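# Predicted structure and sequence below. I'll ask about it afterward.
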Amino acid sequence: MRFVFMGPPGAGKGTQAKAVAERYGVSHVSSGDIFRGEIANKTPLGLKIKSYLDSGGLVPDDITVGAVAGRLEAPDCANGWLLDGFPRTIGQAEALDKALAKGGTKLSAVVDLEVDPEVIVERMSGRRVCKCGRSYHVRYIKPRVEGKCDACGSGLVIRDDDRPETVRTRLATYQKQTSPLIEYYDRKGLLLRVDGSGSPDEVRSRLFEQLNAFVSE
Ligand SMILES: [Zn+2]
């Protein structure tokens, strides 16, 4: 099985992607992890990636695609893989298709985890963090005393990244970037839309059920 997993920031994509990878016995491959690995090992590719990231730029498609394609040839990917955080552009998707076709394979399914943007805003804007590193949520993970950390008693704060206006901007950017990609996979008959609302357990059962039906068709 070869999967691509998509979903907006704050949709719980990482958790569900891991669950799917475990269920199907495939490697969970995240583009962020690949970059971090190459950089940590100081490979020629890692040094290039680092220079782009250090200058605040985006890593160009050909470098990203090269890093991902190399990772997918590793022995632990022989039984299949799930890509998380890649592809992000049509160019990357086409390059991935080409690389797979060269090896005589193709994608099994592309999962798009869909969550109403306002639900994500509500989830994220309720987060509270403490300087000691613990995090809370005004509805889901309440501290014993409102506004105070259970562990150290310090005042809890909202991270700038979690403010509603910041979250809305990030979601709009994500949507603008990925909607062509979603259409691309839909046209190929590979797209599986999964409702990502509800608890992580609810989402997981829904996802497994749909994915099972999709890949056995
Ligand atoms: Zn604390």
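Right, received. Where do you want to start? Residues are numbered from 1 along each chain as shown.
# What values do phi and psi take at Phe5?
phi -120, psi 120 (degrees, to the nearest 10).
# okay but it is in contact with Ser108, surely?
No. Judged on CB atoms under 8 Å, Phe5 makes no contact with Ser108 at a distance of 11.7 Å. Glycine gets a C-beta too; all of them are placed from N, C-alpha and C.
# more crowded one of the two?
Using other CB atoms under 10 Å, the more surrounded residue of Phe5 and Ser108 is Phe5, with 26 against 18.
# which residue sits closest to the more buried one in space, ignoring its chain neighbours?
Nearest residue to Phe5, sequence neighbours excluded (CB to CB, 6 or more residues apart in numbering): Ala17, at 4.4 Å.
# Secondary structure element holding the one you found?
Assessed by DSSP states H and E, Ala17 sits inside helix 13-24.
# which neighbours does the next helix or strand after that helix have in its sheet, and in what orientation?
Counting by DSSP H and E, the element after helix 13-24 in chain order, helix or strand, is strand 27-30. With DSSP bridges as the test, strand 27-30 is paired with strand 81-84 (parallel).
# Average pLDDT for the partner strand, rounded please.
In this model, strand 81-84 has an average pLDDT of 96.
# which parts of the helix or strand following it are buried?
Next helix or strand after strand 81-84 toward the C-terminus (DSSP H and E): helix 90-102. For helix 90-102, burial by neighbour count (16 or more other CB atoms under 10 Å) applies to Gln92, Ala93, Ala95, Leu96, Ala99.
# Nothing else from me, thank you.
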